[in-house]
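With the input below, show me the fold.
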Amino acid sequence: MTTTAGTKKTTTSSTSEIADGLSIISLASPTATQEIDHACSTWGAFVLVDHGLDERLCDQVLDAAHEFFKLPYANKNKYNLQKYGAKWRGYMPLGGERSVHGIIQDAKEGLYLGDEHEASNPRMGLPTFGTNVFPDQEVPQMRQLFLTYHEEMRTLGNRMMDVLSQALSLPSDDYLQQHITRHDPVILPRCFRYIPQEEATQSPTNTTEDPSEEDNKVDDENAIQWGIGRHSDYGLWTMILTDAPGLEFQHHKTKQWHAVPFVKSGIIMNVGDVLDRLTAGRYISSYHRARNHSTTDFRLSLPFFYDPAWDACMKTLPMTTTTSDSASLAKEELDTSERAERWSHTKITCEFDGSVDYSEFLAKKVAKVFPDLVPESVWKNLSSTSEPSTRHALVVRTNPDAVISDRVQEDVRKFYDDHRARIKESHGLAHILAVSNHANKAIECHEPPLSPELAMQIRVAALLHDADDHKYFPKHEHHENARMIMDKAEVPTESISPILEMIDLVSCSQNGNSVPASILEKEEYYRLIPRWSDRLEAVGAIGVVRCYQYNQEHGRPLSSPSSPRAHTADQVWDFATPERFEAYQTRGGTSDDMISHYYDKLLHVACPPNDLVRNAYLEDKAKESSKELVELCLRFGKTGTVDESYIQEVNAKLLAV
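Residues are numbered from 1 along each chain as shown. Next up is the predicted model:
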C-alpha cells in the first residue's frame, strides 16, 4: 500500500502524488513493485518501510555518529580525509562541500566511508578504493556498527535492483545486478551532521520555484541555512537514513518543493542521474535539498550511494514499452520534450550507447578532488560529462611533491596576510595566485610531461617569485622570505637552488627577454614558466589595472608631456623600441609616469618569442594579453588624457570573472 505525507489514504493517480508529495511504500506490500515504479516515474523518490533492516542497528548507528561528531574539532580533524589519499575516506570539516557549482558553503560536516577493499584488489590506488577510517580510539563501537549497517544496506540495494528490473520489464529479474552493478557496485556511504539553524524558519515548500541558483542561497527573508542546496544525485541509486525531517524534493514538472515525510527508520530512496539516463528518462532524477529545522539540535543524514560497477557499460536498458494508441504517443512526445529540458541541466554529455564505462563517470566526477590522479589533460578527454563535480572543496593530494606545493601555497597565503599593511594590493596575494594559476596550466599542457619534482619546483617558484620584491623588502639580497617559507614547508634541500634560480629569471626589469645560455643549450625552457606566467599578469588586463593601482598607491603621475601619443596600433608598437627598454633598465627600472612605463617595459615584453616560450598555453595567452594595454595607449594618444573610466571597466570585468 502507498500512503503520502499527512494522509492515510492509498494514492493511485499522478495528480494526487503531485498534490500530496512523496509516497511511503511498504516493501512487504504485494503491489510494492508497481508502487515503486510509479514513484520513480513521477517524483523519482519515495520513503521505504518494512525494508528488512534491523531498526535497533539503525538507532545504534545514529547514536555512534552523534558521539563522533560531538568530539572536539581537534579529535575529529585527526581523521581529515585529506590525509588518506585516493581512498577518499575520513572526516570532512564544515565547509568541505559546496552546493551550486562550488559557490555556496553547505552547513554540514561529514564522515566519508566506503567499501572495505582487500589489499590485493587490483584497483587499490584508484579513487574510492581502499579501507575505511574510523575513530577507533574515541568511538570504538563505531567501526563494527557501521560495517554491519553497510552490509545490510548493500543487501537492500541489491534487492532494490531486482525490484527495479521487474518494474522496468527487463529481460531477467536480476538484470541490473547482472549488467549494471555486476554484483560489485561502487558504494559510497556518507555520514553528515547538519548544524542547527540560527533561528527558527519555515521552508518555502509547496511553492512553484524555477530551479535556479537562488534556491540555494541563504534566504535573507527566511534566514534558511541549507545543509546542502538544490542538486540531483550523480549516480545510480541513493538510500538515506535520517533522524529528523529536513529533506525536500522538487517535482520536475510543477517545480513545487515538497517536504519528505519523516518516518523513524524509514529509508528515503531516490533515482540518480545515471539511472535517469539508463531508463531513457522513464525514471526521474529530481532536484532535492536539505537543512536542519532545529535551532538547538543537530540533524544526521546517512546517504548510501549505490552505484554501477567500476567497469559497467553505460547503455540504455532494454525496457518493454507500449505505444499502442495516439494518447500514448502524444504522452511520449511530451515526456521526451520534458526529458530533454531536464537533462540539459545535468553535466552528462555522452550517449548511453555502450561506448563509455562507469569508471569514466567516476574519474571525471572526482577530478578536482584528485588532481594528481586525474589531471586536466586527462579529464578533458573523458566524454562522460562536461566537467568534473565542483561540490567537493577539499583537494586530496596523492603525490608527495604536490603536497609540498600545497604547503607552500598555504604558507604564502599567511605571509601575504601578515604583510598586507606593507605589500600593496597591486602586488599582493591575488597577483601571486593568478601567476600560480598560469604556471599550473602551463605545467599541465607541457610536452613532454614534466616530472612531479620539476612540476613542484616550478609551482613553488611561481608562488614565491615576489616574496622578496625590492619595492617592499629593499634590504633583502638572498631571498630571505622565500627561503623562510620553503624551510617551513619542508621543501627538499636539493630543490631550493633550482627554485631560486627560476625566481631570479622572473624579474622583467633585470632580465627582459634574455635567456641564460645554459637554458638554451640544454633546452630547459620549462625553467622560464614562472617568468612568462608573471608576464601574463604584467601585460594583460590585470597588468593594466595593477600598474594603475601602483601609481595611485605611490602618488605617481599617470602621464606627462613626454609620454608617447600613438594614433594607430602600429604606432604603439613602433614607440616600444628595444632602445627604450635598455634605457629603462639603465635607470634601474623606473619610468617617469604610467603611460611611459607601458612603452618603456610592458609593451616590450608583452609578446615574447615563441621559440623561447615553447608552451602552447603560454603562447596562446600571450597573443590575447595585450589588447587592453594597446587600447588604453590609443585612447591616451587621441585625447592626451588617461581614460581612467576605461581602466575601471577593465577592472569590473576582471572582478566579474
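
which residues of this protein score low on pLDDT?
1-20, 100-101, 199-224, 321-335, 509, 512, 657 (pLDDT under 70).

50 instead, please
Along the chain, the parts satisfying pLDDT under 50 run over 6-19, 200-223, 322-330.

Geometric centre of it: which residue is closest?
T390 (2.3 Å; CA atoms, centre = their mean).

which residues touch the nearest residue to that one once chain neighbours are set aside?
The shortest distance from T390 to any non-neighbouring residue, by CB to CB, 6 or more residues apart in numbering, is to G102 (3.4 Å). Heads up, the C-betas are built off the backbone N, CA and C, glycines and all. Residues near G102 by CB atoms under 8 Å, 6 or more residues apart in numbering: T390, R391, A393.

any idea how far G102 lies from H392?
8 Å (CB to CB, to the nearest Å).

helix/strand/coil for the residue lying farthest from the centre of the chain?
Most distant residue from the mean C-alpha position of the chain: P561, 50.3 Å away (CA atoms, centre = their mean). Recorded secondary structure, P561: coil (DSSP: H, G, I helix; E, B strand; the rest coil).

got the residue ranges for the helices in the stretch 501-650 of the chain?
For the stretch 501-650 of the chain, the helices defined by DSSP state H, counting those that start in this stretch cover 508-511, 517-522, 529-539, 541-553, 569-575, 578-586, 594-597, 610-613, 616-624, 627-639, 644-656.

picking up where we left off before, can you read off the backbone torsions of the residue nearest to the centre of the chain?
Dihedral pair for T390: phi -110, psi 10, per degrees, to the nearest 10.

Is I267 bridged to anything, and to what?
Legend: beta-bridge partners of I267 under DSSP bridges are L48.

Next, count neighbours for it.
I267 has 23 neighbours, counted by other CB atoms under 10 Å.

If I follow the layout properly, it ends up in contact with D50?
No - taking contacts as CB atoms under 8 Å, I267 lies outside contact range of D50: 10.4 Å.

among the helices of the stretch 501-650 of the chain, which is the most enclosed?
Sort those by mean neighbour count, taking mean count of other CB atoms under 10 Å, and helix 529-539 sits at the top with a mean of 26.

Which elements pack onto that helix?
helix 429-444, helix 452-464, helix 493-504, helix 508-511, helix 541-553, helix 616-624 (3 or more CB pairs under 8 Å, 6 or more residues apart in numbering; DSSP states H and E).

Put the alpha carbons of that helix into PDB.
Taking C-alpha atoms only, helix 529-539 is exported to PDB below (Å, rounded to 0.1, in the frame of the first residue of the first chain):
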ATOM      1  CA  ILE A 529      57.400  29.100 -16.900                       C
ATOM      2  CA  PRO A 530      57.300  31.300 -13.800                       C
ATOM      3  CA  ARG A 531      58.700  34.200 -15.800                       C
ATOM      4  CA  TRP A 532      56.200  34.000 -18.600                       C
ATOM      5  CA  SER A 533      53.300  33.300 -16.100                       C
ATOM      6  CA  ASP A 534      54.200  36.600 -14.400                       C
ATOM      7  CA  ARG A 535      54.400  38.500 -17.700                       C
ATOM      8  CA  LEU A 536      50.800  37.500 -18.500                       C
ATOM      9  CA  GLU A 537      49.700  39.300 -15.300                       C
ATOM     10  CA  ALA A 538      52.000  42.300 -16.000                       C
ATOM     11  CA  VAL A 539      50.800  43.000 -19.600                       C
END
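
Not counting that helix itself, show me its contacts.
Where contact means CB under 8 Å, 6+ apart, the residues beyond helix 529-539 that reach it are 431, 434-436, 438-439, 442-443, 446, 458, 461-462, 465, 502-503, 505-506, 508, 511, 543, 546, 602-603, 605-606, 608, 613, 615, 618, 621-622, 625-626, 629.

Number of residues surrounding the closest residue in space to Y175 that isn't next to it in sequence?
Nearest residue to Y175, sequence neighbours excluded (CB to CB, 6+ apart): S165, at 4.4 Å. If you count neighbours by other CB under 10 Å, S165 ends up with 22.

what do you get for D418?
Other residues within reach of D418 by the criterion other CB under 10 Å amount to 10.

what's near enough to touch A167?
Residues near A167 by CB under 8 Å, 6+ apart: T33, Q34, I36, D37, C40.

by contact count, what packs against whichever strand or helix holds the third one?
What that stands for is I36. Following DSSP states H and E, one finds I36 within helix 32-42. Packed against helix 32-42 by the contact rule (3+ CB pairs under 8 Å, 6+ apart) you find strand 2-4, helix 14-20, strand 23-26, strand 45-49, helix 142-167.

Counting neighbours, which bits of it end up buried?
Buried residues in helix 32-42, counted by 16 or more other CB atoms under 10 Å: A32, T33, E35, I36, D37, H38, A39, C40, S41, T42.

got it, and stretch 420-440?
Across stretch 420-440, burial judged by 16+ other CB under 10 Å covers 423-424, 426-429, 431-436, 438-440.
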